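Colleague: Show me how the following folds:
(one chain, ligands or ions: 1)
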Amino acid sequence: MASSQPSSTTINEQLPLKPIPGTYGLPFIGPIFDRHDYFYNQGRDKFFSTRIKKYNSTIFKTNMPPGPFISSNPRVIALLDASSFPILFDNKKVEKYNVLDGTFMPSTKFTGGHRVCAYLDTTEPNHAVIKNFFINALLLRKDTFVPLFRSILSDVFSEIEDGLSGKSGKADFNSIVSVASFNFMFRLFCDNKDPLDTKVGSEGPKMFDTWLLFQLAPLATLGPPKIFSYLEDLLLRTVPFPACLARSSYKKLYEAFSSSATTILKEAEKAGLNRNEACHNLVFTAGFNAYGGLKNQFPILFKWIGLSGEELHKELANEIRSVVKKHGGVTIESLENMSLTKSVVYEVLRIEPVVPYQYGKAREDLIVKSHDASFEIKKGEMIFGYQPFATKDPMIFDDAEVFLPKRFVGEGEKLLKYVLWSNGKETDESSVDNKQCPGKNLVVLLCRLFLVEFFLRYDTFVVETKNVAFGASVSITSLTKASSV
Ligand code: HEM
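Modeller: Presented below is the predicted three-dimensional model:
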C-alpha cells in the first residue's frame, strides 16, 4: 500500500463537509457539451482527470452519456477514488433499479419483454429468485469448468497457430476468443451441446454481437475522424436503436438455448421461475454478462501480459510448469499454488476493468467520503463510479498506473479488497443481497487456466494491440513453442 495513505477511518472521521463541486450546465446543451468532451474532445480518462484538477476534488457533478434524447436525466455525481467508490456496493444505501447501463435502459423488447436479473434492484423479490438460480447453476457445474475450458483452449491454440502460419502472419486473438467464450458458455449451460448442431450454427458469436451492439451503441464511439464526430454522435445518441434490428438474431439464440438448455431450465422451474422468463434470463446472462465479459476480458489479459515481455513470460512458465509437475496435473488445487499467475490476473483486473462504470441511485440522503472531504448526496440523485480511477487510486496503490505483475503476491494480497471489477470487492462474495457478479470466481479461474495452458505450451509471445470501443484489440504476431515442459 502506498506509504502516504492515512488510515481511512481516522481521516474519514475528521473530514470537512463540502458542497459537491461541478456543474450540469444548461439543460440540453450541458449534457451535449459534456458528451462531446467525453467521446471526442478529451476522451474518457482525460474527461475525468481534467475535472478532478479543475474542481480539486475526486467527487463532482457532471453529465454522463448518452444524454438527450436517450436518457431523460443524464445528471450524476461522479466518484473517482477508492474511498468513495464502494458506496456503490452498499445496497442499503443505493438502489440498482434499471441502472446496469447507466442513465438509460435499452428496451425490454431486447429480452423478450422481461426485465432480466442485472436490471433488478436487490429489494425486488425476483432478484433473489433469479440470482439464486444462477449461483446454484454455477455451483452444480463447477466440476465441468476445468475440463470444458481446457478442451476449448486446445481449439484456441490451433487457431492461433493457423493464423500465424497463414498469409497475414498473425492471429486475430479477439475473434478467436469470442468464439471460445461463446462455445464455453453455450456448452456449460446446454448440457455440453455443440452450438454447431443448433439453429445458430457457427453464427452464435455474431448474433450476440449484433444484439449487444444495438443495446450498447449509445455508450460507444468508433473513434471517427473529427469532422464526422457530430454525425456519429447524432446517429448513436439521438434515439435508441429499436430492438427489431436484433430480433431475428435474438430469436435464433433464444430457440437454441430453449431447446438445448434442458437441465438448467428444469432447475429454474424447480426454483419457482417460469420457463420462458428463465430462458430469457439465461440468454442474457450467457450473452451479455458472460460472453460480453469474457470476449473482452481475454484480450485485455493477453495485452498486458504480452506487453510485459519475455522476462515475465519466463517466470510464469517456470512457476506454472513446476507446480503442474509437482501436483501431477492442472487442477483447481494446483492453480491455487501459483502465486505469480494469480497475482498477474488480479493486476489485469485492477488496471483495466472490463466494465468500467457502475451506477446507483441514493435511497436516502447520505454522506460520501473522498480521501480529503465529505459530501452530501440527496435521495434520488444518481451516483456514478468510474472504476479505473478507483482501482488506480495513488493513495492506495504504489505506481498505480504501472502494471506490476507481483503486486498481489504475499503481503500484496491485502490489497485485494481494492480490486473491484466484479461490482464488489475481490474479497467479498456474490449473493442475493448484493449486485456482485455471480461469475466472479469463474472468471478468475478461467483467466488463470488460460495462462496455465498457454505457458505449458509456449515460452513466449509477441502482441500488437490497440484500444477499441469496449476494450482492447489484440493480434498475436509471434509465438515460441515450449522448450521444456
Ligand atoms: C469477464 C467476465 C465478466 C465480467 C467483467 C463481469 C462483470 C460483471 C459486473 C461488473 C456486474 C455488475 C453489473 C452492475 O450491476 O453494475 C455483473 C453482474 C452479473 N454477472 Fe458478471 N461478469 C463477467 C462474467 C460473468 C459470467 C461468466 C456470469 C455467469 C455465468 C456472469 C453473470 C452475471 C450476472 C447474472 C450478473 C447480475 C448480478 C445481479 O443482478 O445481482 N458474469 N458482472
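Colleague: And the residue nearest to V463 when sequence neighbours are not counted, what's its pLDDT?
Modeller: Spatial nearest neighbour of V463, excluding adjacent residues (Cβ to Cβ, 6 or more residues apart in numbering): G306 at 3.3 Å. Yep, even glycine has a C-beta here, placed from its N, CA and C like the rest. G306 is assigned a pLDDT of 98 by the prediction.
Colleague: ok, now S484?
Modeller: pLDDT, S484: 69.
Colleague: For the stretch 101-250 of the chain, just list every one of the helices.
Modeller: 125-140, 142-165, 173-189, 204-216, 229-237, 247-260 (DSSP state H, counting those that start in this stretch).
Colleague: pretty sure E376 belongs to a helix, no?
Modeller: No - counting by DSSP: H, G, I helix; E, B strand; the rest coil, E376 falls outside a helix, being strand.
Colleague: Just grab the bridge partners of it for me.
Modeller: Beta bridges link E376 to I367, judged by DSSP bridges.
Colleague: what separates the closest residue to the ligand within the stretch 201-350 of the chain from K425, distance-wise?
Modeller: Of all residues in the stretch 201-350 of the chain, G293 sits closest to the ligand, at 2.5 Å by Cβ to the nearest ligand atom. Distance, G293 to K425, using Cβ to Cβ, to the nearest Å: 18 Å.
Colleague: Same check on L366?
Modeller: For L366, the distance to K425 (Cβ to Cβ) stands at 19 Å.
Colleague: Next, count neighbours for L245.
Modeller: Neighbours of L245 under the rule other Cβ atoms under 10 Å: 14.
Colleague: ok now do the closest residue to it other than its chain neighbours, which residues does it touch?
Modeller: Residue nearest to L245 in three dimensions, not counting chain neighbours: F214, with 5.2 Å by Cβ to Cβ, 6+ apart. Shown in contact with F214 (Cβ atoms under 8 Å, 6 or more residues apart in numbering): P106, F110, F241, P242, A243, L245, A246.
Colleague: and with 6 Å instead?
Modeller: Contacts for F214 (Cβ atoms under 6 Å, 6 or more residues apart in numbering) come out as F241, L245, A246.
Colleague: hang on, the last one packs against L212?
Modeller: If I follow you right, that is A246. No - using Cβ atoms under 6 Å, A246 is not in contact with L212, being 8.6 Å away.
Colleague: Name the residue in these two with the higher neighbour count.
Modeller: Counted by other Cβ under 10 Å, A246 and L212 do not tie: A246 has more neighbours, with 23 against 19.
Colleague: ok, now which ones touch the nearest residue to that one once chain neighbours are set aside?
Modeller: Leaving aside its sequence neighbours, A246 sits nearest to W211 (Cβ to Cβ, 6+ apart; 4.2 Å). Residues in contact with W211 (Cβ under 6 Å, 6+ apart) are A246, S249, Y250.
Colleague: go with 8 Å
Modeller: Contacts of W211 (Cβ under 8 Å, 6+ apart): F110, A246, S249, Y250, L253, G287.
Colleague: Near the ligand, list only the ones from the contacts of F214.
Modeller: Applying Cβ under 6 Å from any ligand atom to these, one finds that nothing falls near the ligand.
Colleague: Mind checking which of the residues you listed are in strands?
Modeller: Per DSSP state E, strands hold no members of the contacts of F214.
Colleague: Tell me where the stretch 351-485 of the chain is predicted with low confidence.
Modeller: Judged by pLDDT under 70, the stretch 351-485 of the chain has its weakly predicted residues at 484-485.
Colleague: With pLDDT as extra columns, can I get the contacts of F214 in CSV?
Modeller: Below are these laid out as CSV (pLDDT from 0 to 100):
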residue, pLDDT
F241, 97
L245, 97
A246, 98
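Colleague: Contacts only, for V444.
Modeller: Contact analysis of V444 by Cβ under 8 Å, 6+ apart lists V345, Y346, L349.
Colleague: re the thing from before, which one's more surrounded, G293 and K425?
Modeller: Remark: of G293 and K425, G293 carries more neighbours, 20 against 15, as counted by other Cβ under 10 Å.
Colleague: Chain neighbours aside, what residue packs nearest to that one?
Modeller: V354 (5.7 Å).
Colleague: The one you found and K199, how far apart?
Modeller: 29 Å.
Colleague: now do E277
Modeller: Taking Cβ to Cβ, one finds E277 at 21 Å from K199.
Colleague: Please apply the same query to E429.
Modeller: E429 is 36 Å from K199, by Cβ to Cβ.
Colleague: before we move on, what about F450?
Modeller: Taking Cβ to Cβ, one finds F450 at 29 Å from K199.
Colleague: Have a look at these two and say which one is more surrounded.
Modeller: A count of neighbours by other Cβ under 10 Å puts F450 above the other of F450 and K199, at 24 against 18.
Colleague: got a list of what that one touches?
Modeller: By Cβ under 8 Å, 6+ apart, the contact list for F450 reads F149, L153, F298, L301.
Colleague: Which parts of stretch 386-399 count as buried, going by neighbours?
Modeller: Residues of stretch 386-399 classed as buried: Y386, Q387, P388, F389, A390, T391, K392, D393, M395, I396, F397 (neighbour count, 16 or more other Cβ atoms under 10 Å).
Colleague: near the ligand, anything from that stretch?
Modeller: No - shown here: stretch 386-399 not in contact with the ligand (Cβ under 6 Å from any ligand atom), separated by at least 8.4 Å.
Colleague: Name the residues that touch that stretch?
Modeller: Against stretch 386-399 from outside (Cβ under 8 Å, 6+ apart): 1-5, 44-45, 48, 58, 78-83, 85, 350-353, 355-358, 371, 400-401, 407, 415, 418-421.
Colleague: what about that stretch, how long is it end to end?
Modeller: In terms of Cα to Cα, to the nearest Å, the two terminal residues of stretch 386-399 are separated by 19 Å.
Colleague: Stretch 71-82 too?
Modeller: 28 Å.
Colleague: mean confidence score for it?
Modeller: Per-residue scores along stretch 71-82 average to 97.
Colleague: how about it against the ligand, any contact?
Modeller: No - under the criterion of Cβ under 6 Å from any ligand atom, the ligand is not reached by stretch 71-82; the shortest gap measures 13.6 Å.
Colleague: Tell me the spacing between the residue nearest to L245 and L451.
Modeller: 34 Å.
Colleague: just T465 next, same as before
Modeller: 17 Å.
Colleague: between these two, which one's more packed in?
Modeller: Shown here are T465 and L451; by other Cβ under 10 Å, L451 has more neighbours (26 against 17).
Colleague: Can you point out the buried residues in the helix or strand hosting the more buried one?
Modeller: Element membership of L451, judged by DSSP states H and E, is helix 440-457. The neighbour-count check on helix 440-457 (16+ other Cβ under 10 Å) flags 440, 442-455, 457 as buried.
Colleague: and the residue of the stretch 51-200 of the chain nearest the ligand?
Modeller: A118 (4.0 Å).
Colleague: Leaving out chain neighbours, which residue sits closest to that residue?
Modeller: Nearest to A118 is L100, by Cβ to Cβ, 6+ apart, at 4.8 Å.
Colleague: Okay, that neighbour and H114: tell me how far apart.
Modeller: L100 is 14 Å from H114, by Cβ to Cβ.
Colleague: same check, this time on V146
Modeller: In terms of Cβ to Cβ, V146 sits 32 Å off from H114.
Colleague: Which residues of the stretch 201-350 of the chain lie near the ligand?
Modeller: T285, N289, A290, G293, L294, Q297.
Colleague: Going along the chain, name the strands of this structure.
Modeller: Under DSSP E, the chain gives strands at 17-18, 59-63, 75-79, 94-95, 171-172, 357-362, 366-369, 374-377, 382-386, 458-468, 471-481.
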